[in-house]
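Enquirer: Give me a 3D structure for the following:
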Amino acid sequence: MLYTFLRYILSPIARGLFRLQVIGGEYLPPTGGVILAANHVSLVDPLFLGLTVPRKLNFMAKEELFFNRLFGWLLRKLNAFPVSRNRLSPSTVKRALDLLSQGQVLLLFPEGTRGDGKNLQEPKPGIALIADRSGSPVIPAYHQGTANVMPRGVARIRPHPVTVCFGEPLKFPRDLRVKGVRDAYREFGVLVMERIAALKASLSERSSH
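Expert: Residues are numbered from 1 along each chain as shown. Sure, this is the predicted structure:
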């Protein structure tokens, strides 16, 4: 209820104040479990991604954010659940797989932590593990502008244009298994980041014209 209410209130604000634009929205499946794999640069990333996806978004947030009882309550109301930055626990994986099996949308940040907004980081194995075990399609996403809306270390929001790009879905290739789980997960994670990098390059080229 709170999620739907806030999206109703914030959507026109995002379009007006932040000139929120969406590219590639047709790649988002209308139904079924799907993993949204996006770059991560700001605490407001889930907010803007949630405003561009017509379906409700579930996402992981670092467990430290839940230590404050009020903020933790709010995060849970917005479909967030805690994850350790050091390891992907079995309970976290189970929660992710349960959501996907229920036909929901799960937002993951393959890099695992926020970057500098300029360079993409190496992927963690979690994205491949969940894609493999769930069989759900992965939609690569690249967003630009959130690093200016709320830069790292800054506690207030600043008006700045935000654009979100979605790419074609991909699935974990079963033939990667012959390479061993560790190598297979590493290769798939790299593939996901390459797709995100391609969206970044496409958006840069689009902006230069």
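
Enquirer: Okay, strands next: where are they in the chain?
Expert: 21-23, 34-38, 57-62, 80-83, 105-108, 138-144, 163-166 (DSSP state E).

Enquirer: Burial check on L129, number of neighbours?
Expert: Using other Cβ atoms under 10 Å, L129 has 20 neighbouring residues. Using the backbone N, CA and C atoms, a C-beta is placed for each residue, glycine as well.

Enquirer: That one against V93, yeah?
Expert: Yes - with contact defined as Cβ atoms under 8 Å, L129 counts as touching V93 (6.8 Å).

Enquirer: Tell me what angle the helix ranked longest in the chain forms with strand 138-144.
Expert: The single longest helix within the chain, with elements called by DSSP state H, is helix 181-208. Following axes from the mean of the first three to the mean of the last three Cα atoms, to 10 degrees, one obtains 40 degrees for the angle between helix 181-208 and strand 138-144.

Enquirer: residues contacting the residue nearest to L20 when sequence neighbours are not counted?
Expert: Of all residues not flanking L20 in the chain, A14 sits nearest, at 4.2 Å (Cβ to Cβ, 6 or more residues apart in numbering). Counting by Cβ atoms under 8 Å, 6 or more residues apart in numbering, A14 touches 20, 48, 51, 162.

Enquirer: Now find how far off-centre stretch 141-159 is within its chain.
Expert: 15 Å (Cα atoms, centre = their mean, to the nearest Å).

Enquirer: ugh, wrong one, I meant stretch 61-68
Expert: For stretch 61-68 - counting by Cα atoms, centre = their mean - the centre lies 17 Å from the chain centre.

Enquirer: tally of neighbours for the closest residue to D183 other than its chain neighbours?
Expert: Leaving aside its sequence neighbours, D183 sits nearest to L176 (Cβ to Cβ, 6+ apart; 7.9 Å). Using other Cβ under 10 Å, L176 is surrounded by 18 other residues.

Enquirer: How about the contacts made by L176?
Expert: For L176, the contacting residues are 183-184, 187-188, by Cβ under 8 Å, 6+ apart.
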